[in-house]
Each structure stands twice: as C-alpha cells, then as structure tokens.
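J.: Next one to model:
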Amino acid sequence: MVERAPTSLLAAAGLIAGFGVAVGTGSRPLGGVVLAAFGLSCIYFWLRRDGAGTATRLTIVGVVAFALSHALGRVIGAWPSVLLVSAITAWLCWRWSDARWLGRPHAIA
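T.: Numbering: from 1, shown residues only. As a prediction, the model looks like this:
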C-alpha cells in the first residue's frame, strides 16, 4: 500500500486545500492544519519507501513552494500562484518518488 501512495497528488492537494480552507474559513491556522496533515502524510510515505534523503529533499520542496506562493501571489495573484507551485511540487514528487512506484507496471492479482 505504501508503494502505491500518490504523493504527487497528496502534496499538490495539500497546498491547494490548505489555501482553500484558509480563504474559505478566514482562518489561516486552520488552513495550516490542513496543509500540515497532507505534508505529514507525504513525509510518512517518503520515509517508508524512499528513505530519509528523498523525504528531506521533498519536504524542503514543499516548504519552499509554500513560501514562494506567498511572494509569487503578489505578482500573479493568490490562486494562480498556489496552482503554479502545486503543479511544480507535484512534478518533483513524481520525478523523485512516485515514478519509481507508480510508473512501472504491476502484476494483476
């Protein structure tokens, strides 16, 4: 099960959902809780299947994406910024983790 977890989708969904909850509820801390839940789930999967190096690298990507979305939001708008950094984060998660586990054919049971 751990091998098949799509962390690229989880990471992107966490950034988008975290921002959506923050905007929708007016509570930035609640948005942070949503973001953290998705992020911690990703870290769990990366540690279990890819090791500490990949987990650290992708965690840094997520933190930088979060910070960059704030700065970029001032230039292109909040939602476009969140969607852009989410797409880049998803691509890096796929490239460095998911492709090894989800990109190969699996035997049908």
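J.: backbone phi and psi for the closest residue to Arg100 other than its chain neighbours, please?
T.: Using CB to CB, 6 or more residues apart in numbering and skipping residues adjacent in sequence, the residue nearest Arg100 is Asp50, 7.5 Å away. Just so you know, the C-beta spots here come from the backbone N, C-alpha and C atoms, and that holds for glycine as well. The phi/psi pair for Asp50 (degrees, to the nearest 10) reads phi -120, psi -20.
J.: so how far is the longest helix anywhere in the chain from its chain's centroid?
T.: Ranked by residue count and defined by DSSP state H, the top helix of the chain is helix 52-76. Helix 52-76 sits 9 Å away from the centroid of its parent chain (CA atoms, centre = their mean, to the nearest Å).
J.: repeat for stretch 80-93
T.: The answer for stretch 80-93 is 8 Å, by CA atoms, centre = their mean.
J.: And the average pLDDT for it is what?
T.: The average pLDDT for stretch 80-93 rounds to 98.
J.: ditto for stretch 12-30
T.: Rounded mean pLDDT across stretch 12-30 is 98.
J.: Only the buried residues of that stretch, if you could.
T.: Using 16 or more other CB atoms under 10 Å as the burial criterion, the residues of stretch 12-30 that qualify are 12-19, 21-22.
J.: ok, so of the residues you listed, who is nearest Val82?
T.: Checking the buried residues of stretch 12-30 against Val82 by CB to CB gives Phe19 as the nearest, at 4.7 Å.
J.: residues in contact with the closest one?
T.: Going by CB atoms under 8 Å, 6 or more residues apart in numbering, Phe19 touches 31, 35, 69, 78-79, 82.
J.: and with 7 Å instead?
T.: Neighbour list for Phe19: 31, 82 [criterion: CB atoms under 7 Å, 6 or more residues apart in numbering].
J.: For it, give its distance to Ala71.
T.: Using CB to CB, to the nearest Å, Phe19 is found at 14 Å from Ala71.
J.: circling back: so which elements touch the longest helix of the chain?
T.: Where contact means 3 or more CB pairs under 7 Å, 6 or more residues apart in numbering; DSSP states H and E, helix 52-76 is packed against helix 7-25, helix 28-49, helix 78-93.
J.: Using PDB, write out the CA atom coordinates for stretch 61-76.
T.: What follows is stretch 61-76, C-alpha atoms only, in PDB (Å, rounded to 0.1, in the frame of the first residue of the first chain):
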ATOM      1  CA  VAL A  61      10.500  21.500  -1.900                       C
ATOM      2  CA  GLY A  62       7.100  21.700  -0.100                       C
ATOM      3  CA  VAL A  63       8.300  24.300   2.400                       C
ATOM      4  CA  VAL A  64       9.900  26.400  -0.400                       C
ATOM      5  CA  ALA A  65       6.700  26.100  -2.500                       C
ATOM      6  CA  PHE A  66       4.600  27.300   0.400                       C
ATOM      7  CA  ALA A  67       6.900  30.300   0.900                       C
ATOM      8  CA  LEU A  68       7.200  31.000  -2.800                       C
ATOM      9  CA  SER A  69       3.500  31.000  -3.300                       C
ATOM     10  CA  HIS A  70       3.200  34.000  -0.900                       C
ATOM     11  CA  ALA A  71       5.800  36.000  -2.700                       C
ATOM     12  CA  LEU A  72       4.600  35.000  -6.200                       C
ATOM     13  CA  GLY A  73       1.000  35.700  -5.200                       C
ATOM     14  CA  ARG A  74       1.800  39.400  -5.000                       C
ATOM     15  CA  VAL A  75       2.900  39.300  -8.700                       C
ATOM     16  CA  ILE A  76       0.400  36.900 -10.400                       C
END
